[in-house]
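Colleague: Could you look at this predicted model? Sequence included:
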Amino acid sequence: MSDVNKERIEARLLTVYDELVALSNQLHNDPEVGWQEHRSSALLAHLLTDHGFTVEHPYLGLDTAFRAVSGSDAQDAFTVGFLAEYDALPGLGHACGHNLISAMSLGGAIALAEVAREAGIRVEVIGTPAEEGGGGKIELLERGAFQQLDFALMAHPAPVDVAEARPFAVTHWHVQYDGQAAHAAAYPERGINANDAFLIAQISISLLRQQLPTGVRVHGVQTRGGEAPNAIPERTEGRWYVRAETTAQLIELEERVLKCFEAGALATGAKLTVTPESKRYSEMRTDEEALELYRRNAVRVGRNFDVDPLAATMNRASTDMGNVSQVVNAIHPYIGVGGEASNHQPGFAEACVGPRAEQTLRDGAVALAWTALDVAEARSRADAS
């Protein structure tokens, strides 16, 4: 029965394929950043409504989140959640391919719904805002989302196919120094240079890196450095990320990096304010059995995992899907769109539209839906034995 249902799933996907391509292109052409994805989330919600899903939008008090449900309404139905991301990067648009994530997740859910009732599966799509540093999935988790799922999945565009995600745990900080403005030539002694504070902190972090364990990352940008060369800067700001292999290691590392920022304040007399931009993203806890099923299905639709390991480093990025995986069995494979650019580069945004990207959309949607079916059947067999 599984192969017959897989044929039905693929056939159903083909009937909505043009709509999915149009959806992906529309998101790409109209990028919205985290927590501001009003048009994007409405577009996804409307498409799911058109295809028979019951949609709750907004969801759990978040204006740009939604939950859509179809399939079996039996109390013991195996519940699969396809997660959709649709926020863009400031200044870069969809340079992380969230337009394709949305289209693949919706396509997989709509196709799986074709066989869901008879297979005893409840199909959900959960629209998750603000993945790019805002922690939308974490906010949803804390409001009770995902708890009803037996299995969660999504596929993320990358230059090449990599089955297993190994994201870093990460902390996102907004860093601000407040000093005292003064004329840099006439009254320099009256100033407290907030830019010097940031400079000292960055030098301290650079020196710290020599003593950091392999596999951790500390990086950021200064977003405000001052207003005029003859005015001592009274305020500087920046955004900094701290990444580690595990949440426990991340917490230890945060303290060391904070001391570097405190050094800038101590040396200059500026006031330091560090504000989290989101709650911590966790490392990924992958459902290995489900991942193997995905790998087989992806190969069956023509994907290739035989890639240069150096080209596969995208699986070391960070995602709030890691937090979901701590409470729900989950997978987060990467699916290739080709090209020379990697994620978060302008060239990668260009790679996420066009014929190659459209083939990736089709392959990903089918592989995800087939995998969800396989996982549900495997769990049903296990429960019966």
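Modeller: Received it, and whenever you're ready, just let me know what you need. Numbers count the residues shown, from 1 in each chain.

Colleague: Now the element after the helix or strand hosting residue 255, going C-ward?
Modeller: Assignment of secondary structure by DSSP states H and E places residue 255 within helix 247-268. Toward the C-terminal end, the helix or strand that comes next after helix 247-268 (DSSP H and E) is strand 271-276.

Colleague: So which elements touch the helix holding residue 255?
Modeller: Packing partners of helix 247-268 (3 or more Cβ pairs under 8 Å, 6 or more residues apart in numbering; DSSP states H and E): strand 169-178, helix 194-208, strand 235-244, strand 271-276. The C-beta positions use only the backbone N, C-alpha and C, and glycine is treated the same way.

Colleague: Select, out of these, the one closest to residue 229.
Modeller: helix 194-208 (10.8 Å; Cβ to Cβ).

Colleague: which element follows the closest one toward the C-terminus?
Modeller: Past helix 194-208, further along toward the C-terminus, the next helix or strand under DSSP H and E is strand 217-224.

Colleague: pull the CA atoms of that next one into CSV?
Modeller: Below are the C-alpha coordinates for strand 217-224, written out as CSV (Å, rounded to 0.1, in the frame of the first residue of the first chain):
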residue,chain,number,x,y,z
ARG,A,217,31.9,30.8,17.0
VAL,A,218,31.8,34.4,18.1
HIS,A,219,30.9,37.0,15.5
GLY,A,220,29.0,40.2,14.9
VAL,A,221,28.7,43.6,13.4
GLN,A,222,28.7,47.2,14.7
THR,A,223,25.6,48.8,13.4
ARG,A,224,26.2,52.3,14.8
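
Colleague: how big is the angle separating it from helix 247-268?
Modeller: 40 degrees (axes from the mean of the first three to the mean of the last three Cα atoms, to 10 degrees).

Colleague: Who does strand 217-224 pair with, and is each partner parallel or antiparallel?
Modeller: With DSSP bridges as the criterion, the sheet partners recorded for strand 217-224 are strand 235-244 (antiparallel).

Colleague: Give me the residues contacting the strand it pairs with.
Modeller: Strand 235-244 has contacts (Cβ atoms under 8 Å, 6 or more residues apart in numbering) with 133, 168-179, 194-195, 197-198, 215-226, 250, 252-254, 257, 277, 318.

Colleague: Which residues belonging to the strand or helix carrying residue 15 are considered buried?
Modeller: Counting by DSSP H and E, the element that carries residue 15 is helix 2-29. Applying a neighbour-count criterion of 16 or more other Cβ atoms under 10 Å, one finds 5-6, 9-10, 12-13, 16-17, 19-21, 23-25, 27-28 buried in helix 2-29.

Colleague: same check, this time on stretch 43-57
Modeller: Taking 16+ other Cβ under 10 Å as the neighbour-count basis, stretch 43-57 is seen to contain the buried residues 43-45, 47-48, 51, 53, 55, 57.

Colleague: What's the mean pLDDT across it?
Modeller: The average pLDDT for stretch 43-57 rounds to 98.

Colleague: Figure out how far that stretch is from the centre of its chain.
Modeller: Stretch 43-57 has its C-alpha centroid displaced from the chain centroid by 22 Å (Cα atoms, centre = their mean, to the nearest Å).

Colleague: got it, and stretch 352-359?
Modeller: Remark: stretch 352-359 is offset 20 Å from the chain centroid, using Cα atoms, centre = their mean.

Colleague: Kindly report the same for stretch 145-159.
Modeller: For stretch 145-159, the separation from the chain centroid amounts to 10 Å (computed by Cα atoms, centre = their mean).

Colleague: what does stretch 43-61 give?
Modeller: Stretch 43-61 has its C-alpha centroid displaced from the chain centroid by 20 Å (Cα atoms, centre = their mean).

Colleague: Likewise for stretch 25-42?
Modeller: Computed by Cα atoms, centre = their mean, the chain-centroid distance of stretch 25-42 equals 15 Å.

Colleague: related to what we said a few turns ago, can you flag which of the buried residues of stretch 43-57 belong to strands?
Modeller: Secondary structure assignment by DSSP state E places residue 55 of the buried residues of stretch 43-57 in strands.

Colleague: Put together JSON lines for the buried residues of stretch 43-57, with distance to residue 122 on each row.
Modeller: Written out in JSON lines, the entries for the buried residues of stretch 43-57 read as follows (distance: Cβ to Cβ, whole Å):
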{"residue": "43", "distance to residue 122": "24"}
{"residue": "44", "distance to residue 122": "19"}
{"residue": "45", "distance to residue 122": "18"}
{"residue": "47", "distance to residue 122": "19"}
{"residue": "48", "distance to residue 122": "14"}
{"residue": "51", "distance to residue 122": "16"}
{"residue": "53", "distance to residue 122": "11"}
{"residue": "55", "distance to residue 122": "14"}
{"residue": "57", "distance to residue 122": "18"}
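
Colleague: before we move on, back to that, show me which of the contacts of strand 235-244 are buried.
Modeller: Looks like the contacts of strand 235-244 have 133, 168-173, 175-179, 194-195, 197-198, 216, 218, 220, 222, 226, 250, 253-254, 257, 277, 318 buried, using 16+ other Cβ under 10 Å.

Colleague: mean confidence for stretch 378-385?
Modeller: If you average the per-residue pLDDT over stretch 378-385, you get 84.

Colleague: Now it: buried residues?
Modeller: Of the residues in stretch 378-385, those buried by neighbour count under the rule 16+ other Cβ under 10 Å are residue 379.

Colleague: Return that stretch as PDB; C-alpha atoms alone will do.
Modeller: Coordinates of each C-alpha in stretch 378-385 appear next as PDB, following Å, rounded to 0.1, in the frame of the first residue of the first chain:
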ATOM      1  CA  ALA A 378       6.700   2.500  10.900                       C
ATOM      2  CA  ARG A 379       5.200   3.800  14.100                       C
ATOM      3  CA  SER A 380       1.900   2.000  13.400                       C
ATOM      4  CA  ARG A 381       3.800  -1.200  12.900                       C
ATOM      5  CA  ALA A 382       5.800  -0.700  16.100                       C
ATOM      6  CA  ASP A 383       2.600   0.000  18.100                       C
ATOM      7  CA  ALA A 384       1.000  -3.100  16.800                       C
ATOM      8  CA  SER A 385       3.900  -5.400  17.600                       C
END
